[in-house]
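>>> Just the structure for this:
(one chain, ligands or ions: 2)
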Amino acid sequence: TSTPLVLGIETSCDETGIGIVCGEELLVDAIASSVEEHARFGGVVPEVASRAHLEAMVPTLERACAQAGVRLQDLDGISVTSGPGLAGALMVGVASAKALSVALGIPLYGVNHLASHVAVDIVEHGPLPEPTLAMLVSGGHSSLLLVPDVTHDIRSLGSTIDDAAGEAFDKVARVLGLPFPGGPHVDRAARDGQVVIDFPRGLTTGRDMQRHRFDFSFSGLKTAVSRWVEHQRADGVAISVPDVAASFQEAVVDVLTRKAVLACTEHDVAALQVGGGVAANSRLRAMAQERCDAAGIELRIPRPGLCTDNGAMVASLGAQMMIKGRPASDLSLPADSSMPV
Ligand code: KG4
Ligand code: ZN
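Ligands and ions are numbered 1, 2, ... in the order given. Okay, here's the model as predicted:
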């Protein structure tokens with residue numbers, strides 16, 4: 001059928017996400033997060049995340065079904081994040097999805113987490129232009145993907161060679177004394193600041209750019225920010241957190257949007273889709289819009305709640321798999337922590 005009722009399960013990191021879609025329509029996106037349990041460690045602790053998924057799975061599933069008015073026996077398919085992500089966290093989702101698939105006698109679709117971040121845009125903005133260029137920027141990834149069809153043959157044009165974009169936000173937030181996860185706090189602080197410090201734009205010039213045209217590097221930027229802050233403090237100069245936040249953010253967003261638009265132009269792609277937690281960043285959204293407008297590129301960014309990890313994205317990709325007649329997974333479906341796109 002062209003409007004399969006699909007339930008998607010996402011457990012690759014610290015969010016237990018259950019989404020239900022009917023074809024290209026989103027019915028519900030239920031989420032339980034263990035982010036607060038990790039905050040005191042300053043990062044996600046794998047073992048803590050796995051246990052939290054196990055606790056949250058059934059209540060989140062029940063909440064999703066109740067909110068959507070869907071009974072499990074009405075479902076046409078189950079999809080689940082098979083990788084990449086934290087191994088133990090993925091196993092909870094994959095095992096749950098297999099159990100549902102067997103109990104209900106409906107097909108199981110193991111999907112790639114990165115492809116799901118792209119597929120969620122379909123329930124927000126309708127069918128994806130083919131091809132689309134996708135930029136995925138989160139705490140774990142910074143990738144430019146060429147997407148001829150979201151259900152297969154996605155090609156990575158480049159990715160980070162060190163820290164992910166969100167990781168850089170989180171580390172700089174820590175240097176500035178802002179809480180974890182730091183991205184939203186840096187974003188907010190930057191609104192009261194000015195871009196007054198010229199921080200480095202990694203892999204954008206000379207031989208670095210030639211060798212790493214669509215790759216990113218943010219660890220040098222993070223180090224430059226900590227050095228700058230240390231020097232100011234050593235000199236007894238009070239730093240302006242908003243100005244440092246704004247200057248750092250400008251450097252990240254400049255590099256991301258510049259390379260994304262260049263990739264669209266060079267690969268003759270007319271649509272740019274941005275996803276992942278960092279896609280919630282207000283400066284990124286504004287600069288991407290400006291640069292896409294100037295280049296005649298259609299920009300698609302889902303609402304912030306669908307940019308971060310969620311179950312709707314997995315359900316959306318599962319529905320596309322069914323609509324396009326892709327083969328289902330069998331019960332040997334693994335949890336593949338390092339699954340390539
Ligand atoms: O996609 P996501 O929820 O989880 C994964 O990493 O997969 O992304 C979380 C990341 C964190 O590093 C967080 O600091 C960052 O996204 N983030 C932001 C903003 N909101 C979340 N970074 C910059 N500006 C934001 N507004
Ligand atoms: Zn993600």
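
>>> now the helices for the protein?
Using DSSP state H, the helices of the chain run over residues 35-39, 46-68, 87-104, 113-125, 165-175, 183-190, 206-211, 219-234, 241-266, 282-295, 304-307, 312-323.

>>> got a list of contacts for the fifth one?
Helix 165-175 has contacts (Cβ atoms under 8 Å, 6 or more residues apart in numbering) with 42-43, 137-140, 142, 163, 179-183, 185-186, 216, 218-219, 221-222, 225-226, 229, 244-245, 248-249, 252, 256, 276-278, 281. The way it works is simple: take the backbone N, C-alpha and C, and place the C-beta from them, glycine included.

>>> I'd like the distance between the spatially most central residue of the chain and residue 3.
Nearest residue to the geometric centre of the chain (Cα atoms, centre = their mean): residue 276, 2.3 Å. Distance, residue 276 to residue 3, using Cβ to Cβ, to the nearest Å: 28 Å.

>>> May I see the buried residues of stretch 167-177?
Across stretch 167-177, burial judged by 16 or more other Cβ atoms under 10 Å covers 167-176.

>>> returning to that earlier point: what's near enough to touch the residue nearest to the centre of the chain?
With contact set as Cβ under 8 Å, 6+ apart, residue 276 has these partners: 117, 136-138, 141, 165-166, 307-308.

>>> Residue 158 too?
With Cβ under 8 Å, 6+ apart, residue 158 has these contacts: 143-144, 212-216, 259, 263.

>>> now with 6 Å?
By Cβ atoms under 6 Å, 6 or more residues apart in numbering, the residues touching residue 158 are 144, 214-215.

>>> Show only the entries of those found in strands.
Applying DSSP state E to those, the entries found in strands are residue 144.

>>> got a winner among the contacts of residue 158 for most neighbours?
residue 144 (26 neighbours; other Cβ atoms under 10 Å).

>>> Is that one in contact with residue 212, as I believe?
No: using Cβ atoms under 6 Å, residue 144 makes no contact with residue 212, being 11.3 Å away.

>>> Not counting sequence-adjacent ones, nearest residue to the residue nearest to the centre of the chain?
residue 138 (3.3 Å; Cβ to Cβ, 6 or more residues apart in numbering).

>>> quick one, what contacts residue 298?
residue 271.

>>> Provide the partner residues of it in its beta bridges.
residue 271 (DSSP bridges).

>>> what's the spacing between it and residue 147?
14 Å.

>>> same deal with residue 116?
Distance, residue 116 to residue 147, using Cβ to Cβ: 12 Å.

>>> who has more neighbours, these two?
More neighbours surround residue 116 than the other of residue 116 and residue 147, with 30 against 24 (other Cβ under 10 Å).

>>> so what pLDDT did the more buried one get?
For residue 116, the model assigns a pLDDT of 98.

>>> That one - nearest residue in space that isn't next to it in sequence?
Per Cβ to Cβ, 6+ apart, closest to residue 116 is residue 313, 4.0 Å.

>>> Same check on residue 24?
Closest residue to residue 24 apart from its sequence neighbours, by Cβ to Cβ, 6+ apart: residue 122 at 5.4 Å.

>>> what's the answer for residue 314, then?
Nearest to residue 314 is residue 8, by Cβ to Cβ, 6+ apart, at 3.2 Å.

>>> give me every residue that touches residue 70.
residue 20.

>>> In contact with the closest residue to residue 240 other than its chain neighbours, which residues are there?
Once flanking residues are discounted, residue 240 sits nearest to residue 193: 6.5 Å by Cβ to Cβ, 6+ apart. Each residue near residue 193 by Cβ under 6 Å, 6+ apart is listed here: 242-243, 245-246.

>>> tell me which of those residues is nearest to ligand 2?
Distance to ligand 2, by Cβ to the ion, is smallest for residue 245 among these, at 23.2 Å.

>>> in terms of contact, does residue 28 touch residue 64 like I think?
Yes: taking contacts as Cβ under 6 Å, residue 28 lies within contact range of residue 64: 5.0 Å.

>>> okay, these two: which has more neighbours?
Counted by other Cβ under 10 Å, residue 28 and residue 64 do not tie: residue 64 has more neighbours, with 25 against 20.

>>> That one and residue 312: what is the separation?
10 Å.

>>> quick one on the thing from earlier: please identify which of the contacts of residue 158 is nearest to ligand 1.
The shortest gap between ligand 1 and any of these belongs to residue 144, at 16.1 Å (Cβ to the nearest ligand atom).

>>> dump the residue contacts of the closest one.
135, 157-158, 214, 263.

>>> I'd guessed residue 195 sits against residue 248; true?
No: Residue 195 is beyond contact range of residue 248, at 9.4 Å (criterion: Cβ under 6 Å).

>>> Fine, thanks again, bye for now.
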